[in-house]
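Student: build me a model from this:
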Amino acid sequence: MRQLRAFLAVAGHRHFRRAADALHLTQPAVSRLIADLEGELDVRLFDRSTREVVPTEAGRYLEQALSRVLDELDGVLAHAVAQADPLRGRVRIAAVPTLSAGLVPPAIARCAVDHPALDILLRDQTQAQVLDAVRGGEVDFGLCVEPATAEEFDAETILRDPFLLVCRADHAFAARQGVTWKALAHEALILLDHASGSRRLIDAAFAARGIAVHVALEVGHPHTAFRMVEAGLGVTVTPALSLDALRPGLVALKITPEVRRDVTLVRRRARSLSPPAQTVWDTFRTLALTLA
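Tutor: The predicted model follows:
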């Protein structure tokens, strides 16, 4: 690289001393660099006279090609330096819908205030898609619900999010302080579909207690479930973080005994995060501690 940059300086200035001044080197040092380059390439790059230095035909070709290549290389190196800055760069994350709507917005907002040079790109995806995106390196990290295949990832649980019951304000449950899982046995349930990481845990909560339930509707997002409840089609079991989308006329109740889902950050196993991605990961952890 020192030889190539010395060559471009001499070709541009047509003079060894002026090139040496531009490079902050001595003239003999520049002469040695050019001589070494010509020796390695086994071609003469300059015709020298007492008055000027003129590139040969091979030198002119090399000058044109190198100017473009080194400009691109400088851009690549500048990008690498930016990526090493923990407060500057692009971070790609994927999150399941209940977290995209609940935990992700305040985390991105905090990054925007504390680290405005970070550029965060979000994918709002199902649990399986989030894990696939992390596994394939399409995102820096994912935010999901305790992955069933945790051995594939480096994972950190940052929050334990309880499941709640949501019903209409005129429902018989609404006047209670809470309900039991068994009390839901005869209710028309509106649940997240099996693409959701939460559905597996909800089904397990009923199965562990030997409760047979009537699932009236399966939906892809808590907001849709709330609209169905609002229409009088049943009640829903939903994570507490989804309550930001709760509409007037609906009531959220505790379910006993309490069952929680683990909100988990995941990245590829044995792969370190870039400094910007680590900054965003740490922001999620800090925010989760505040919520907890």
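Student: which non-adjacent residue is nearest residue 138?
Tutor: residue 92 (7.2 Å; CB to CB, 6 or more residues apart in numbering). Where you see a C-beta, it was placed from the backbone N, CA and C, and this is true even at glycine.
Student: help me confirm that the one you found comes into contact with residue 139.
Tutor: Yes. Counting by CB atoms under 8 Å, residue 92 does reach residue 139; the two are 4.4 Å apart.
Student: identify the contacts common to the two.
Tutor: By CB atoms under 8 Å, 6 or more residues apart in numbering, residue 92 and residue 139 have these common neighbours: residue 123.
Student: which one's more surrounded, these two?
Tutor: residue 139 (25 against 18; other CB atoms under 10 Å).
Student: the more buried one contacts residue 90, doesn't it?
Tutor: No. Look at residue 139 against residue 90 with CB under 8 Å: they stay out of range, at 11.1 Å.
Student: tell me where the protein has helices.
Tutor: Per DSSP state H, the chain carries helices over the ranges 2-13, 16-23, 27-41, 57-84, 97-102, 104-114, 127-135, 197-208, 222-230, 275-291.
Student: what residues does the second one touch?
Tutor: Same thing as helix 16-23. Outside helix 16-23, the residues within contact range by CB under 8 Å, 6+ apart are 5-6, 9-10, 12-13, 26-27, 29-31, 34, 53.
Student: out of these, the closest to residue 246 would be?
Tutor: residue 5 (62.5 Å; CB to CB).
Student: now for the closest one: which residues touch it?
Tutor: Counting by CB under 8 Å, 6+ apart, the residues that residue 5 touches are 23, 70.
Student: would you map out the domains in the chain?
Tutor: The chain is divided into the following domains under automatic domain parsing: 2-84, 89-143+270-291, 159-261.
Student: residue 151: which of those is closest?
Tutor: Closest among the domains of the chain, once you apply CB to CB, is domain 89-143+270-291, at 12.0 Å.
Student: re the thing from before, what's the closest of the helices of the chain to residue 157?
Tutor: Closest among the helices of the chain, using CB to CB: helix 275-291, at 9.0 Å.
Student: first-to-last residue distance for stretch 143-153?
Tutor: For stretch 143-153, the first-to-last residue distance is 12 Å (CA to CA, to the nearest Å).
Student: for stretch 50-57, same thing?
Tutor: Per CA to CA, the first residue of stretch 50-57 is 20 Å away from its last.
Student: mean pLDDT for the domains of the chain - can I get that in TSV?
Tutor: Shown next, in TSV, are those (pLDDT from 0 to 100):
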stretch	mean pLDDT
domain 2-84	86
domain 89-143+270-291	90
domain 159-261	93
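Student: can you lay out those domains as TSV showing distance to residue 151?
Tutor: Putting those into TSV (distance: least, CB to CB, whole Å) gives the following:
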stretch	distance to residue 151
domain 2-84	29
domain 89-143+270-291	12
domain 159-261	16
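Student: and residue 152, which of the ones you listed is closest to it?
Tutor: Comparing these under CB to CB, the one sitting nearest is domain 89-143+270-291, at 6.6 Å.
Student: can you give me the end-to-end span of the closest one?
Tutor: Domain 89-143+270-291 has an end-to-end distance of 27 Å (CA to CA).
Student: what's the answer for stretch 119-139, then?
Tutor: Start-to-end, stretch 119-139 (CA to CA) is 13 Å.
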